[in-house]
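Peer 1: test case, fold it:
(chains A and B)
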Protein chains: 2
Amino acid sequence: MKNAIGKLPGLAVLLVGKRRDSQTFIRIKIKACNEVGIASFIAELPEDCTEDEIINVISSYNENPSVHGIIVQLPLPQHLDQEKIVNAVSLEKDVDGFHPTNIGNLAMRGREPLFIPCAPMVCIELLLRSGVEIIGKKAAVIGRSQIAGLPTSLLLQRHNATVSTVHAFTKNPEQITSQADIVVTDVGVPNMVRGHWLKQGAVVVDMGTNLVKDPSCRQGYRVTGDVCFEEAIGVASAITPVPGGVGPVTISMLLSNTLDSAKRAYRFT
Amino acid sequence: MKNAIGKLPGLAVLLVGKRRDSQTFIRIKIKACNEVGIASFIAELPEDCTEDEIINVISSYNENPSVHGIIVQLPLPQHLDQEKIVNAVSLEKDVDGFHPTNIGNLAMRGREPLFIPCAPMVCIELLLRSGVEIIGKKAAVIGRSQIAGLPTSLLLQRHNATVSTVHAFTKNPEQITSQADIVVTDVGVPNMVRGHWLKQGAVVVDMGTNLVKDPSCRQGYRVTGDVCFEEAIGVASAITPVPGGVGPVTISMLLSNTLDSAKRAYRFT
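Peer 2: From the prediction side, this is the model:
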């Protein structure tokens, strides 16, 4: 695109406060932008900034024609209204796909959201590229976060799976998961999904990222998913590991959404 | 509201073409408005009108402060882009709740849609008023239309049911429905749901409205639901009949949404 029209896609990242994990995530995103030739813009605001200050920054990115994607690194500090802030991102630059209009268009068949959240896109992409048939299959999605579980349920339904959504109020969740051909987890509880929760031959996508204390590791902890991998591997026909499964591909989807947005903006096909 | 602030709520209805069923539905809605003291506005456009003509009418209603709700009677003639037209209704006046932003906010926990589609609201209201516990219960929603099935799934999930969505690609739908405590149908196939599809004691909400030829009836047809009522009544602990179940209450919800909208507009609480 740079060679053809002399323009770069641009991604703007907004960080409020000094959370270590958020800083790490942002560093990874910026590094990925640099590697593929996407211009990056960072705004760092102090922990105690006001909603108006943040929305002013978002507005300036909304109006900036060199910015094609805007992400607000979540979670925000407690005193801020996350809904109001996420809604301030222009629909055309919502590369995270978290705007309710994008979520609504994702839910409604026959409509096309401008952006689909990255983690669910990875889930579907992994299934398709592994040759897993989705249409007509029973899928159980455990968890319903706005970042992963909810949009994954909606996206699997778009692909004509028969989806059951399992959450904290579900009684006997293992009864539902053990009937599913595809099990997706987005819970945040290490090793919650045990081998007997799964049907023989099920395909498992583990979206969990949990830090578990482990003195034998250099950092004092290790990263694990929601699924008890050792047990599941004996039952599932395919499973994504944590770390190394869904996570790394998610960044690629963010870059892909940003590129799509830039192409739309420059009418470059 | 009229006595307190001298203002009436107002509902605008837009009809394109001369479909008999649409004309009947609109007549019922206008009559209901008259009965409860809601001002009604009707725009009738010819079958061959253009999108721009329709959107101009919608825009004038969007700007009219006496109009608090706008409904576009669906289906529209084939040559019109229904998505574009429905999207033109101001979010603040979308009393049908069909705008993707309202659907997105319905899907996202912790957010409040300005309006919830009427049929799903009736479904929940009937369950709650009948003392049916929703939280933690297994619900099967058969069908996923944008008017009924999809928003009902989302709303049941908001009420913390464990929802499975059954549709045309689902294999063995009766296996899923027969495990459900609550079964909601929105299919448009008369008598599709048979007695053996249901668990003993299940609660059944039939949203289907199907016309079945019946020479013994005066009009030559009778109205029936998606559920084989005679079989289901022996298995279910509660069931809504068709006609007479969900349908009549739906209009009340439309009026209620219009009143809510007027209250918001006039800051009347």
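Peer 1: for the rest of this, base every contact and every neighbour count on C-alpha atoms.
Peer 2: Noted.
Peer 1: residue in the stretch 101-250 of chain A nearest to chain B?
Peer 2: Closest residue of the stretch 101-250 of chain A to chain B, Cα to the nearest Cα: A:G104 (3.6 Å).
Peer 1: my read is that that residue contacts B:M108, right?
Peer 2: No. Look at A:G104 against B:M108 with Cα atoms under 8 Å: they stay out of range, at 9.2 Å.
Peer 1: and the helices in the stretch 51-200 of chain A?
Peer 2: A:51-63, A:82-88, A:100-107, A:118-129, A:149-158, A:173-177 (DSSP state H, counting those that start in this stretch).
Peer 1: show me what from chain A comes close to chain B.
Peer 2: A:83, A:100-105, A:107-109, A:111, A:135-138, A:146, A:150, A:160-167, A:169-171 (Cα under 8 Å from any Cα of the partner chain).
Peer 1: let's see that with 6 Å instead.
Peer 2: Residues of chain A found near chain B (Cα under 6 Å from any Cα of the partner chain) are A:100-101, A:103-105, A:136, A:162-166, A:169-170.
Peer 1: columns pLDDT and neighbour count on top of the residues you listed, output as CSV?
Peer 2: Shown next, in CSV, are the residues of chain A next to chain B (pLDDT from 0 to 100; neighbours: other Cα atoms under 10 Å in any protein chain shown):
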residue, pLDDT, neighbour count
A:P100, 95, 25
A:T101, 95, 21
A:I103, 97, 30
A:G104, 97, 26
A:N105, 97, 22
A:G136, 97, 20
A:T162, 98, 29
A:V163, 98, 27
A:S164, 98, 26
A:T165, 97, 25
A:V166, 98, 30
A:F169, 97, 14
A:T170, 97, 19
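Peer 1: how close does A:S40 sit to A:G97?
Peer 2: From A:S40 across to A:G97, the span is 18 Å (Cα to Cα, to the nearest Å).
Peer 1: neighbour count: these two, which is higher?
Peer 2: Just comparing A:S40 and A:G97: by other Cα atoms under 10 Å in any protein chain shown the higher neighbour count belongs to A:G97, 25 against 21.
Peer 1: what does the pLDDT read for that one?
Peer 2: At A:G97, the predicted lDDT confidence score is 96.
Peer 1: and A:L14, helix, strand or coil?
Peer 2: In the three-state summary, A:L14 is assigned as strand, counting by DSSP: H, G, I helix; E, B strand; the rest coil.
Peer 1: in the sheet, who's paired with it?
Peer 2: A:A43, A:V72 (DSSP bridges).
Peer 1: and the pLDDT for it?
Peer 2: Note for A:L14: predicted pLDDT of 97.
Peer 1: doesn't A:V72 make contact with it?
Peer 2: Yes. In this structure A:L14 lies within contact range of A:V72 using Cα atoms under 6 Å: 4.9 Å.
Peer 1: wait, the residue of the stretch 101-250 of chain A closest to chain B sits on B:L106?
Peer 2: No. Using Cα under 6 Å, A:G104 is not in contact with B:L106; the gap is 8.3 Å.
Peer 1: what is in contact with the two at once?
Peer 2: Counting by Cα atoms under 6 Å, 6 or more residues apart in numbering or on different chains, no residue touches both A:G104 and B:L106.
Peer 1: save the helices of the stretch 51-200 of chain A as a markdown table, and put in distance to A:A232 too.
Peer 2: A markdown table is the format used below for those (distance: least, Cα to Cα, whole Å):
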| stretch | distance to A:A232 |
| --- | --- |
| helix A:51-63 | 43 |
| helix A:82-88 | 36 |
| helix A:100-107 | 31 |
| helix A:118-129 | 17 |
| helix A:149-158 | 20 |
| helix A:173-177 | 12 |
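Peer 1: winner for burial among these?
Peer 2: helix A:100-107 (a mean of 26; mean count of other Cα atoms under 10 Å in any protein chain shown).
Peer 1: against which helices or strands is it packed?
Peer 2: Under the contact criterion of 3 or more Cα pairs under 6 Å, 6 or more residues apart in numbering or on different chains; DSSP states H and E, helix A:100-107 touches helix B:100-107.
Peer 1: any idea how far the helix it packs on is from the chain center?
Peer 2: Averaging C-alpha positions (Cα atoms, centre = their mean, to the nearest Å) puts helix B:100-107 15 Å from its chain's average.
Peer 1: that one to helix B:149-158, inter-axis angle?
Peer 2: 30 degrees (axes from the mean of the first three to the mean of the last three Cα atoms, to 10 degrees).
Peer 1: output helix B:100-107 in PDB with nothing but the alpha carbons.
Peer 2: Only the C-alpha atoms of helix B:100-107 are listed here, as PDB (Å, rounded to 0.1, in the frame of the first residue of the first chain):
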ATOM      1  CA  PRO B 100     -28.000  -2.700  15.600                       C
ATOM      2  CA  THR B 101     -26.800  -0.400  18.400                       C
ATOM      3  CA  ASN B 102     -29.800  -1.400  20.500                       C
ATOM      4  CA  ILE B 103     -29.200  -5.100  19.600                       C
ATOM      5  CA  GLY B 104     -25.500  -4.700  20.500                       C
ATOM      6  CA  ASN B 105     -26.300  -3.100  23.900                       C
ATOM      7  CA  LEU B 106     -28.900  -5.800  24.500                       C
ATOM      8  CA  ALA B 107     -26.100  -8.400  23.900                       C
END
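Peer 1: pull the residues that contact that helix.
Peer 2: A:P100, A:T101, A:I103, A:G104, A:N105, B:R111, B:E112, B:P113, B:L154.
Peer 1: gap between the closest residue to the last one other than its chain neighbours and B:H99?
Peer 2: Here the nearest residue to B:L154 in space, its sequence neighbours aside, is B:A107; by Cα to Cα, 6 or more residues apart in numbering or on different chains that works out to 5.5 Å. Taking Cα to Cα as the measure, B:A107 falls 13 Å from B:H99.
Peer 1: try A:I42
Peer 2: 33 Å.
Peer 1: can you get me a residue count around A:V132?
Peer 2: Residues near A:V132, counting by other Cα under 10 Å: 16.
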